[in-house]
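Asks: Sequence and predicted structure, then a few things I'm wondering about:
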Amino acid sequence: MTLGANQLPDRILRLLPATTLLLLLASCSSVQLAYNHMDRWIRWQLDDYVDLKGPQKQQLAAALDSFHHWHRQTQLPDYADYLEQLADRVQQSQFTSAQLQAVEKQVGDFWDTASARFYDILLPLAATLDSGQIDELEENLQEKREESLEKWRESPEKIQRRRLKQIRKHSRRWLGKLSGEQEALIAEWVAQAAYNPLLRDRQRQLWQARVIELLRRKPEGYLQQLRDLMVNPGQLWSEEYRRMQDQRHRQIRSLSEQILATITPEQRLHLEAALRSHAGDFRSLSRE
């Protein structure tokens, strides 16, 4: 349930401990409310990039309805089952490094399955964009990329403080009150996490240029090429950027392991209850 590679997932995915499985809903206080308004959120996001015409809006609505129905019926029950399995593990023992890696893989599989289906349903809309809409899309992609980079240039400290606040907030949602040790672990991670906004910007620029090129030229099989770019933006990554991302991924896993190694009995109960609550939310949504 992503909407674009390289830029929109950054708004959706949060840097949380690896046991958090709620995908893009993880940051929402009400899973059911967020899920039921997801199609509206996607429309708002698209409106920021391109102004769709009447028939295109109808095509978008039909595509979102189709995806939502499929996702409710086929994916949410699996999410609920897996969250309950995780809750059982939390109740029984600590998570080992190997178990955390298995959780990451399963989360990635869930994400990949939903993303691939989403693009398969939505990408035919790209074939209907006229030259003016493609110009608009290119301009807005560039503008938002420049805005993002400018925020880092103006106040990297402010961005870092915001990230620290977000990670603390999400961690407290899952664990309850954090200990001083856990607060320190999170603060240290934010201060040391590998991140190069200039390097990331170059990769975004490369990805966006390739997307616009395909939309303009429409070579044979271009929709499949667009899908490949959406599903696997890493195919355009430089070796330097790939190393940064790999290091960042290892740092996230390390933070997850350290925090889970320090949870108290009360936090264990809180985490178990949160997992079971969200599992119940997903199961209820799947029946609507």
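Replies: That came in fine, so what should we check first?
Asks: helices or strands up against the helix or strand where Leu223 lies?
Replies: Taking DSSP states H and E as the definition, one finds Leu223 inside helix 222-231. Under the contact criterion of 3 or more CB pairs under 8 Å, 6 or more residues apart in numbering; DSSP states H and E, helix 222-231 touches helix 97-122, helix 197-217. In short, each C-beta sits where N, CA and C put it, glycine included.
Asks: In the last one, which residues are buried?
Replies: Spelled out, that is helix 197-217. Judged by neighbour count using 16 or more other CB atoms under 10 Å, the buried positions of helix 197-217 are 199-200, 203-208, 210-212, 214-215.
Asks: Which members of the residues you listed are the farthest-apart pair?
Replies: Considering CB to CB, no two members of those lie farther apart than Leu199 and Leu215, which are separated by 25.4 Å.
Asks: how far does stretch 126-135 stretch from start to finish?
Replies: 13 Å (CA to CA, to the nearest Å).
Asks: Residues touching it, excluding its own?
Replies: Contact partners of stretch 126-135, identified using CB atoms under 8 Å, 6 or more residues apart in numbering, comprise 50-52, 55-56, 59, 137, 212, 215-216, 218, 223, 226.
Asks: which stretches of the stretch 1-150 of the chain have low pLDDT?
Replies: 1-30, 33, 94 (pLDDT under 70).
Asks: how about the helices of it, start to end?
Replies: Listed in chain order, the helices found in the stretch 1-150 of the chain under DSSP state H, counting those that start in this stretch are 8-12, 31-36, 38-47, 54-70, 76-92, 97-122, 131-154.
Asks: nearest to Phe282, of those?
Replies: Nearest to Phe282, of all those, is helix 76-92, at 4.1 Å by CB to CB.
Asks: Which other helices and strands does that closest one contact?
Replies: Helix 76-92 sits against helix 97-122, helix 265-286, with contacts defined as 3+ CB pairs under 8 Å, 6+ apart.
Asks: I am finished for the moment; much appreciated.
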